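A.B. asks: give me a 3D structure for the following:
(2 chains)
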Amino acid sequence: MDRELMTTTDTYVPQIGDTRTNGNGTLTTQASIRQADLALDALESEGIHIFREVAGEFDRPVILFSGGKDSTLLLHLAIKAFWPAPVPFALLHVDTGHNFDEVIEFRDRVVEEHGLRLIVAKVQDWIDDGRLTERPDGIRNPLQTVPLLDTITEHKFDAVFGGGRRDEERARAKERIFSLRNAFGQWEPRRQRPELWNLYNGRHKPGEHVRVFPLSNWTEADVWNYIAREKIELPSIYYAHERDVYHRDGMWLTEGPWGGPREDEEVLHKTVRYRTVGDGSCTGAVESTASTVEEVIAEVMASRLTERGATRADDRLSEAAMEDRKREGYF
Amino acid sequence: MAELLRMATAGSVDDGKSTLIGRLLYDTKTILSDQLAAVELTSRERGEDQPNLALLTDGLRAEREQGITIDVAYRYFATPKRKFIIADTPGHVQYTRNMVTGASTADLALILIDARKGVLEQSRRHAFIASLLGVGHLVVCVNKMDLVDYSAERFEEIREEFAAFAMKLDVSDLTFVPVSALHGDNVVHRSAEMPWYEGTSLLHHLEEVYVASDRNLIDARFPVQYVIRDQGSDFRGYAGTVAGGIFKPGDEVVALPSGFTSTVRAIWGPGGEPITEAFPPQAVTVQLTDDLDVARGDLLCRPGNRPQASQSVDAMVCWLTERSRLTPGAKYAIRHTTRSAKASVVELDYRLDVNTLHRDEAAESLALNEIGRIRLHTQSPLQFDPYRRNRLTGSFVLVDEATNDTVAAGMLLGPHLATAKVVWQHGTLGREERATQGLTVWLTGLSASGKSSVAAELERLLVAEGRPAYLLDGDNLRHGLNGDLGFSAADRAENVRRVGEVARLFADAGMVAIASLISPYRADREQVRAAHQAAGLPFVEVYVDTPLEVCEARDPKGMYAKARSGEITGFTGVDDPYEPPVHAELVLRGDEGDPKALAARIRALLGPH
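C.D. replies: Take a look at the predicted model:
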């Protein structure tokens, strides 16, 4: 590339649909997609390597699967890793009860199509028998930790796959791909094992387990580009649709079994989509007309907000919110 | 893959490393507005007038409170050309562990130097660790150029000093960029402040640097990770990640350690995509034509290109934990490729001072962050390549079986030569039964000191007497036996070791071996002497003590001139030390006679046949 031109080029804003010209011709969208493919191939191989390591080293692994986009991608990688044999792991969903119907329907359909075994741990059951108490704000995401750890103990799971990515948040940026949890399910950031080359140390004592994050090195853009490339189906609420919403805390929330708008909150009919899917009481929609995966990619690339910052009230609670929840044993 | 560049950064809190990474993320618009808002808020609370870009990367709460980075953090950014993964590690001496971790997967290492402070001990340490971990590309960012008035002279000074040091290391590609991370000069955009700098911006270099050829595409290696069996379709395949070379359907392969051969029937990519050529780092599934008993931990390779196999191996290790020390006799679990085994540390050969590269052979253990060379005995043979040849089949970790902690990172050097399952074969012929008794004459001294002329005269003199003699000339041997070696300290040591071994064999065969090579380091020569002593062979060290000025005035090959002008670096006597012998059998000075006369003085020492 022409050095002279490089020096005067503006800051890069990688965008699908972005066409930049230089002295040597045009760097087309097509070219950037093709190059992205090679990076995606490398990420895919790394993720598959991790799945196979776990299959080779652990007795009772399980994949956390909510039907959201990261866990759907995770399952897609697992299926590819063991082809043509079936995925040798069960799935686990910690269900807040604050669900979007479209997601639950999708979850069940995927499980059936692939002949998988799904275990559902319902937060409601823990509340009903007194092991958990509803929070005053009604948000149930933080309540998932106890049912998750109880279920891991009950089923003696020794490896638990999660869709966590290091780009999501600063505390995650330091987490290992194989991340040991002590007998209380807790993460000890100071005691993390060094992780070198592609050698993963999954040894653990009885009662301990290892969280495994095959998507550690993926970014939100990688996830969407891969979903596009592999034509992975997602729940419909990831794409633009019409919905009654109300504005709270800078987000568009929707009515549901978790409650609805207060009297001072006006309900509006808008075209929205979800960037993340979690507890309905605290997961906000964004205004969007992106109805295809390509349009979503264009939108994600141009967005000036992180996906959690945009749509997750629980992550805004404090700057160290995620670090605190992770220490307790959260995903 | 070229389109995914993994890099490791190293530098101390004060070098402005976090600011540089923050700048890369910020100027490539990777930072999103909510993250920036949080940083601006914190910066204001601390009374700083500009957003402190270092806050973008200081992840854990403890780090924010202490104002330092304590672990490896991973950062991501992308341009239309490449996706980048940064393993961001702190530079303090106590964090060698983290730097080793970050460098283990890196294609490129970014080293920061404060332009005001110049090349510090830690700059050398960072470069050494990158080279030890096989990171072939080194980019040195001379930061805070704004604080030295963007001085070209200062930059040059630092560049020269660092390049001289790097000559001793295994670095194939070294680049220097003058930057100011705080103001963004030469980070993403070329700076207007440094018109004298003719290179590209840091980001442009990172986008263009060619790393695809770093992969080993020669030695086909496939560690089997998992056996995939599908009852429905009766499918049986070996899943794994290609660790070296290229595999194609139809290739003949051998499974190790069993040694059974078969042919690749098919190779499947993820999800069952047929593959015609599989290469690193692809995750694939291989089907063979024969039904072999192959399991996790086995290795597929080509019958004509097998890895080393040994239960006794030499390795460099970095100790990673503060909770114990590595001591000879200790037992661990070793993880190498997809195989686990038990291993015991037989010997600690030396501890390496990562700042001075000094080898402490008296060391008895390795503590956290210390690096040393060990001999390891494993319960079953490792199928491996030297780390320099293949990072994936040449690396291992040691795990403490009591705590399950990963306690050491290791890089295999080779099978331990003395053992290697080869028993020394004693000949039936005694040395005294040979017609002549051999010995070694070792001439050491500066380049152009006159060693070779004296050595050649000595050879002529001995042969004329009818005594078998042979000249081993250092320069000549670099064309063949040592053609694969460079001039780093490690390569120089290997050069001397090999010539020493050949000399010993010649001497054992009854010849006078005359070795003539600079051999600048005392320790290397002492090892050759020790090997001769162990074999009961005489070793005569001759120091050709010609003053540097005289050598430099002669300069028959123009090497001193090149070294002085900076065209070559790491040249003995100019910018690399020569350690004269302490107890040489003979010291010759050039002004004591012509080569013939000097050779006669050596001859006088050797006695009759």
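A.B. asks: based on its surroundings, how many neighbours for A:W126?
C.D. replies: Other residues lying near A:W126 total 18 when counted by other C-beta atoms under 10 Å in any protein chain shown. To be clear about C-beta, it is placed using only N, CA and C from the backbone, and glycine gets the same treatment.
A.B. asks: a strand runs through A:G97, doesn't it?
C.D. replies: No: using DSSP: H, G, I helix; E, B strand; the rest coil, the assignment for A:G97 is coil, not a strand.
A.B. asks: show the pLDDT at it.
C.D. replies: For A:G97, the pLDDT comes out at 86.
A.B. asks: same deal with B:V550?
C.D. replies: Looking at B:V550, its pLDDT reads 88.
A.B. asks: distance of it from A:E299?
C.D. replies: Taking C-beta to C-beta, to the nearest Å as the measure, B:V550 and A:E299 are separated by 75 Å.
A.B. asks: so for those two, which sits in the more crowded spot?
C.D. replies: Neighbours were counted for B:V550 and for A:E299 using other C-beta under 10 Å; A:E299 has more, 18 against 15.
A.B. asks: so that one: helix, strand or coil?
C.D. replies: A:E299 - assigned by three-state DSSP - is helix.
A.B. asks: which residues touch it?
C.D. replies: Shown in contact with A:E299 (C-beta atoms under 8 Å, 6 or more residues apart in numbering or on different chains): A:288, A:290.
A.B. asks: can you give me the helices for chain B?
C.D. replies: B:17-27, B:33-45, B:61-66, B:96-104, B:121-132, B:152-166, B:202-208, B:451-464, B:474-477, B:489-508, B:522-534, B:548-554, B:559-565, B:595-606 (DSSP state H).
A.B. asks: any chance of those helices in CSV, with distance to A:E44 too?
C.D. replies: CSV is the format used below for these (distance: least, C-beta to C-beta, whole Å):
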stretch, distance to A:E44
helix B:17-27, 25
helix B:33-45, 27
helix B:61-66, 32
helix B:96-104, 21
helix B:121-132, 28
helix B:152-166, 36
helix B:202-208, 22
helix B:451-464, 58
helix B:474-477, 48
helix B:489-508, 37
helix B:522-534, 47
helix B:548-554, 58
helix B:559-565, 49
helix B:595-606, 66
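A.B. asks: out of these, deepest packed?
C.D. replies: Greatest average neighbour count among the helices of chain B goes to helix B:96-104 (a mean of 26), per mean count of other C-beta atoms under 10 Å in any protein chain shown.
A.B. asks: helix or strand right after the longest helix along chain A?
C.D. replies: Assignment by DSSP H gives helix A:29-57 as the longest helix of chain A. Proceeding N to C from helix A:29-57, the next assigned helix or strand is strand A:61-64, under DSSP states H and E.
A.B. asks: and that next one, which strands flank it?
C.D. replies: In the sheet, strand A:61-64 lines up against strand A:90-95 (parallel), strand A:159-161 (parallel) (DSSP bridges).
A.B. asks: can you give me the mean pLDDT across the last one?
C.D. replies: Spelled out, that is strand A:159-161. Rounded mean pLDDT across strand A:159-161 is 97.
A.B. asks: ok, and what's touching it?
C.D. replies: By C-beta under 8 Å, 6+ apart, strand A:159-161 touches A:51, A:54, A:57-58, A:60-64, A:74, A:78, A:89, A:92, A:152, A:202, A:209-214.
A.B. asks: any idea how many residues pack against A:P84?
C.D. replies: 16.
A.B. asks: in PyMOL, how would I select the buried members of the contacts of strand A:159-161?
C.D. replies: The buried residues among those can be selected in PyMOL (16 or more other C-beta atoms under 10 Å in any protein chain shown) with this line:
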select buried, chain A and resi 51+54+57+58+61+62+63+64+74+78+89+92+152+202+209+210+211+212+213+214
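A.B. asks: about what we covered before: tell me which of the strands paired with strand A:61-64 sits most buried.
C.D. replies: Highest mean neighbour count among the strands paired with strand A:61-64 (mean count of other C-beta under 10 Å): strand A:159-161, a mean of 26.
A.B. asks: flag the shaky bits of chain A, pLDDT-wise.
C.D. replies: A:1-36, A:170-171, A:303-331 (pLDDT under 70).
A.B. asks: how much space separates the residue positioned nearest the centre of chain A from B:D594?
C.D. replies: In chain A, the centroid-proximal residue (C-alpha atoms, centre = their mean) is A:D70; its distance is 3.6 Å. When distance is defined by C-beta to C-beta, A:D70 is 81 Å away from B:D594.
A.B. asks: now B:A489
C.D. replies: Distance from B:A489 to B:D594, by C-beta to C-beta: 34 Å.
A.B. asks: same question, B:G486
C.D. replies: For B:G486, the distance to B:D594 - C-beta to C-beta - is 34 Å.
A.B. asks: out of the two, name the residue with the larger neighbour count.
C.D. replies: Taking neighbours as other C-beta under 10 Å, B:G486 and B:D594 compare with B:G486 leading, 17 against 12.
A.B. asks: quick one, what contacts the more buried one?
C.D. replies: Contacts of B:G486 (C-beta under 8 Å, 6+ apart): B:D170.
A.B. asks: quick one, phi psi at it?
C.D. replies: Phi and psi for B:G486, reported as degrees, to the nearest 10, are phi -100, psi -150.
A.B. asks: how close does it sit to chain A?
C.D. replies: Distance, B:G486 to chain A, by C-beta to the nearest C-beta, to the nearest Å: 25 Å.
A.B. asks: so the residue nearest to the centre of chain A sits right up against A:P214, yeah?
C.D. replies: No: the pair A:D70 and A:P214 fails to qualify as a contact (C-beta atoms under 8 Å) at a distance of 10.4 Å.
A.B. asks: correct me, but B:P538 touches B:H532?
C.D. replies: Yes: using C-beta under 8 Å, B:P538 is in contact with B:H532, at 7.2 Å.
A.B. asks: overlap of the contact sets of these two?
C.D. replies: Common neighbours of B:P538 and B:H532 (C-beta under 8 Å, 6+ apart) are B:440, B:507.
A.B. asks: for A:G250, which residues are in contact?
C.D. replies: A:G250 neighbours (C-beta under 8 Å, 6+ apart): A:G284.
A.B. asks: hmm, back to that, report the buried residues of the longest helix of chain A.
C.D. replies: In helix A:29-57, counting by 16+ other C-beta under 10 Å, buried: A:32, A:35-57.
A.B. asks: next one: stretch B:329-349
C.D. replies: B:332-341, B:343, B:345-346, B:348-349.
A.B. asks: do the same with stretch A:178-194
C.D. replies: Buried residues in stretch A:178-194 (16+ other C-beta under 10 Å): A:178-181, A:185, A:187, A:189, A:192-194.
A.B. asks: near chain B too, which of those residues?
C.D. replies: A:189, A:192-194 (C-beta under 8 Å from any C-beta of the partner chain).
A.B. asks: would you turn those residues into JSON lines with secondary structure?
C.D. replies: What follows is these, written out as JSON lines (three-state DSSP):
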{"residue": "A:P189", "secondary structure": "helix"}
{"residue": "A:Q192", "secondary structure": "coil"}
{"residue": "A:R193", "secondary structure": "coil"}
{"residue": "A:P194", "secondary structure": "coil"}
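A.B. asks: for A:H247, give its distance to chain B.
C.D. replies: Applying C-beta to the nearest C-beta to A:H247 and chain B gives a distance of 18 Å.
A.B. asks: that residue is in contact with A:E265, isn't it?
C.D. replies: Yes: A:H247 is within contact range of A:E265, at 6.6 Å (criterion: C-beta under 8 Å).
A.B. asks: across the sheet, point out what pairs with A:H269.
C.D. replies: Bridge pairing for A:H269 - DSSP bridges - gives A:D244.
A.B. asks: what does A:A159 give?
C.D. replies: Beta-bridge partners, per DSSP bridges, of A:A159: A:P61, A:V210.
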